[in-house]
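Student: need a structure here:
(one chain, ligands or ions: 1)
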Amino acid sequence: MVLLCAYALIGARLSPQAVDTSTSTVNELRCEYQTDPINIDQAHPRLSWIIDSGKRSWRQGTYQVLVASSKRALDAGNADLWDSGKVKSAETNQIEYSGLPLRSRQQCFWRVRVWDTTDRESKPSKPSHWEMGLLSGRDWMGSQWIGRQGPAAANPAPFLRKDFKVTGPVRRARIYACGLGYADLSLNGRPVAKSDERDPAYTDFDKRVLYVAYDVTRLVKQGENAIGAVLGTGWFDVHDKATWNFDRAPWRGRPRLRLVLAIDYVKGGTETVVSDRSWRSTVGPILRDGIYTGEVYDARKEIPGWNTPKFDASAWSPADVMPAPKGKLCARVCPPVAIGQTITAKAIKEPKPGVFIVDFGQTFSGHVRIQLREPAGTKVTMRYSERLGADGMIERGQIEQFMAKATPPQPFQSDTYVCKGAGVESWEQRFSYSGFRYAEVTGLTKKPAISAFQGRFVHTDMESAGSFECSSELLNKIQWATRYSYLSNAQSIPTDCPQREKNGWTGDAQLAAEAGLMNFRSETFYTKWLDDLQDNQRRDGRMSVIVPTGGWGSGGRNPAWDSAYPIVANDLYLYRGDKRVLANHYAYLSRYVDSLATELRDGVLTFDSLGDWVPWQTETPSQYTSTAYLFMDARIVANAARLLGKSEDAVKYDALAERVNRGFNAHYFDEKTGTYSNGSQTACSVALYFGLVPEPRRAAVLDTLVKNVTSQGHIDTGILGAKYVIRVLTEAGRADLAYNLVSRKEQPGWGWWIGQGATTLWEDWKGESSLNHIMFGDVSNWFIQWIAGIGLDPSSPGFSHISIQPQPVADLKWARATYDSPHGKIRSSWQIDSTGFHLKLQVPANVTATVTMPFPSDVTEDGIAAADVDGVQAVRVKGGKTVLEIGSGDYSFQMSLGRR
Ligand code: RAM
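Tutor: Model (predicted):
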């Protein structure tokens, strides 16, 4: 616990400086979190912008949003769709469009004007743009679902094509398409997607299927054109047999495509090309593709020019019209799964004659691109693995065992390419992915050059939103590993691991969500997955442990996993200020809590469930953690109810939380010793972190935790405790202990993993299973929020007020982090040396910060006492530390170590 001392106000000063508007500009206009999106299907899209200002304490006093139906109208100042008028508000985030109703495919051009609190106007924004998607079934213009029927046993990927004519100059051309499992689209022989996208995205296809809009204006040409599609099985037609039974998913069927190409002419009028029976179909080189097994490609079966206009497809068959999937067509709001990075091979060895092991030096999700010159018919196989055995060969027994035994045996994580023998050939698979660091390559007739192999890192392609670096190489490596594991497990759903399961284990996702939100622009990724969670909920409120699921893992109760639903929704509210997710999911979140509450016996949950998974030595009863999670869920729903104006519900869920709190303490708390349950690190930290401990006893419980941690000297938790121990210790002023746990080089701990050569986070402290799990990944959030100190203030969702608390702990000499908050970039960079403690801050316009300096000494900027510094509104000493209240701006503070 932070000691709350009486604080002394040692100086306060408002900052009334006149604002020089020429230095303030309106930037980064986004619609539904995206830049210039073209498939918005919300009636009232939310708009946001940020202000870059050279002035301290800059605040927006008024804004005006102007939306026009054409660029020309906007330029002429004619906001014919919406003129918000001058709105007195500092808000720049989550502004709902409230103009004329928007039609399908409508283009909206917009800009923002803002004034500061003294009514001086800033430089207005540049114009921005969003476009509506297809809003109703009618807009699909009679298009049909098409594909190629065939025996399920032979699985060659269908090729589909269609010729069409363009009769005049084109103003804009868009493709709207949903291809299940995946569609690789091309126009006139050129790819429609930017980076081998695996579109659309994985959902429960009986509930929702997602469509994607592509801008193809530059791909269509006057005269003859051709459109082509290759369909992959993806998660829609899983024929691989594994523990999780996706081959028996109720939605399963042969791949199919629905598509509308809409071409708007300069002279007016729209031409459409739709998927229907007039398309032609065949099969080609992709003989087999499976989400777990990999791909088999025979280049001799390639069909040159098949997706270009001159091609003669008379030998092809008419496309088959396929039944529509049951799910509702909705716009894909998250970024595509795509090739995010190319990784060069680091080494190549030949442990056995003809068996080459390529080492990428990094564990990741994706595949390998090969380049080779071999005779026609040479069959080259790549099998992917995260580790090598003592003999230098790939080793994957532990992860492979979940594949069903079959005759002939199913491949696993393996791609096969059969050469066409036409000089240098290069190839990469299209519809599957693997988790690996090593590729075993066999079948080559000669030793390959290392440059023949490139790793393709495939994941939901989100922008980075945060960074962390410090003087400890070890911590930097843990940060690096966390980011690789996070992205490896972002596959249009948050997954547990990219090799063995690829499953949306909900517990893993809820534990990693905050790290994900601090490191990446993951908001639309979670928005999409929250819809998956809603789809997954049963009428009785129960959730399955993996989402989506084809049935496996449903019907039970696992509160620490199921709580992903309220927790991730609430995280989006806290980290992005997103109230709409809470509104959209409120009915389902409350249903979930109501349903779990029926299981309470004397205020506690008594059934067995998933709990502090993969613990080191000490287990914590799952009933204990489940009950704590119900308490947290009830609090989240109560807060959401308050926010949404549902005051009766707020009272109801607060009362439920109180009831659970009483039951929990009556059942698990030993008042005398200050111990919960078996006194494990998880037990103490969960009770403290969730706020279950009676205030007067918090110090005693903390003491129990500190004794446990100091006597053991290492982390002794599973995945739940690992998140909370670190935070609780740090917030209690024992960042030194938290740091020891994280940086310890011996087993167990993150540092031990790194010492073993880890480049991603592992599944457990023992290092026996998957080497690419994200469930211990909150440590990165701790780096950014607690070590560098860019802290969320939960009472100011969306970072409108932040809590800066840098932690110069142990032998750390410096640390720096950035975070692209909804209001703009936040930066915290500190350094400690013999001259003192130095802190550089960047606080975006419209944001205020409470800065807790680590020591009680006087703070200055350029020799000026903090109280007199422009932008500093108050200085006080609290809990033995100097605390500053500041407005926006760039700061450079110093403090001596004298009274440390
Ligand atoms: C494992 C998964 C996952 C975990 C579950 C309980 O199989 O990999 O990480 O959440 O079990």
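
Student: please make it C-alpha for all contacts and neighbour counts, starting now.
Tutor: Noted.

Student: poorly predicted segments of this protein, please.
Tutor: By pLDDT under 70, the low-scoring segments of the chain are 1-22, 151-154, 898-900.

Student: list the contacts of Ser414.
Tutor: Residues near Ser414 by CA atoms under 8 Å, 6 or more residues apart in numbering: Thr293, Gly294, Glu295, Thr381, Met382, Arg383, Tyr384, Ser434.

Student: swap in 6 Å and give it another go.
Tutor: The contact partners of Ser414, taken as CA atoms under 6 Å, 6 or more residues apart in numbering, are Gly294, Met382, Arg383.

Student: closest to the ligand out of those residues?
Tutor: Gly294 (19.9 Å; CA to the nearest ligand atom).

Student: what is that closest one paired to in the beta sheet?
Tutor: Gly290 (DSSP bridges).

Student: these two touch, right, it and Pro411?
Tutor: No. Using CA atoms under 6 Å, Gly294 makes no contact with Pro411, being 7.5 Å away.

Student: look at the two and report which has more neighbours.
Tutor: Gly294 (25 against 17; other CA atoms under 10 Å).

Student: how about the backbone phi and psi for the most centrally placed residue in the chain?
Tutor: Geometric centre of the chain, nearest residue: Ser522, 3.7 Å, by CA atoms, centre = their mean. Ser522 adopts backbone torsions of phi -100, psi 10, taken as degrees, to the nearest 10.

Student: for it, give its distance to Ala738.
Tutor: For Ser522, the distance to Ala738 equals 27 Å [CA to CA, to the nearest Å].

Student: repeat that for Gly294.
Tutor: 42 Å.

Student: who in this structure is up against the ligand?
Tutor: Asp496, Trp505, Gly507, Asp508 (CA under 6 Å from any ligand atom).

Student: between those, identify the one with the most neighbours.
Tutor: Highest count within the residues of the chain next to the ligand by other CA under 10 Å belongs to Asp496, 28 neighbours.

Student: tell me what the longest strand seen in the chain is packed against?
Tutor: Using DSSP state E to define each element, the chain has its longest strand at strand 355-372. Counting contacts by 3 or more CA pairs under 6 Å, 6 or more residues apart in numbering; DSSP states H and E, strand 355-372 packs against strand 347-352, strand 425-427, strand 434-442, strand 453-460.

Student: just the buried residues of stretch 417-434, please?
Tutor: Tyr417, Val418, Cys419, Lys420, Gly421, Glu428, Gln429, Arg430, Phe431, Ser432, Tyr433, Ser434 (16 or more other CA atoms under 10 Å).

Student: looking at those, spot the one nearest the ligand.
Tutor: For these, the nearest to the ligand is Ser434 (14.9 Å; CA to the nearest ligand atom).

Student: OK, contacts around the closest one?
Tutor: With CA under 6 Å, 6+ apart, Ser434 has these contacts: Ser365, Gly366, Gln413, Gln499.

Student: so what's the first one up against?
Tutor: The one in question is Ser365. Counting by CA under 6 Å, 6+ apart, Ser365 has contacts Ser434, Gly435, Phe457, Val458, Ser488, Pro498.

Student: count of residues packed around Thr407?
Tutor: Thr407, neighbours per other CA under 10 Å, totals 6.

Student: Thr363 and Phe436 touch, don't they?
Tutor: Yes. Judged on CA under 6 Å, Thr363 makes contact with Phe436 at a distance of 5.3 Å.

Student: so which strand or helix has Val701?
Tutor: helix 698-712 (DSSP states H and E).

Student: any buried residues in that helix, and which?
Tutor: Those would be Arg698, Ala699, Ala700, Val701, Leu702, Asp703, Thr704, Leu705, Val706, Asn708, Val709, for helix 698-712 by 16+ other CA under 10 Å.

Student: same check, this time on stretch 723-731
Tutor: Lys723, Tyr724, Val725, Ile726, Arg727, Val728, Leu729, Thr730.

Student: sort out which of those residues are in helices and list them.
Tutor: Lys723, Tyr724, Val725, Ile726, Arg727, Val728, Leu729, Thr730 (DSSP state H).

Student: now, which of those sits nearest the ligand?
Tutor: For these, the nearest to the ligand is Lys723 (14.6 Å; CA to the nearest ligand atom).

Student: mind listing what the closest residue to the closest one other than its chain neighbours touches?
Tutor: Of all residues not flanking Lys723 in the chain, Asp778 sits nearest, at 5.9 Å (CA to CA, 6 or more residues apart in numbering). Residues in contact with Asp778 (CA under 6 Å, 6+ apart) are Ala512, Ala515, Lys723.

Student: dump those residues into TSV; add distance to Ser834 as well.
Tutor: Formatted as TSV, these follow (distance: CA to CA, whole Å):
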residue	distance to Ser834
Ala512	37
Ala515	33
Lys723	34
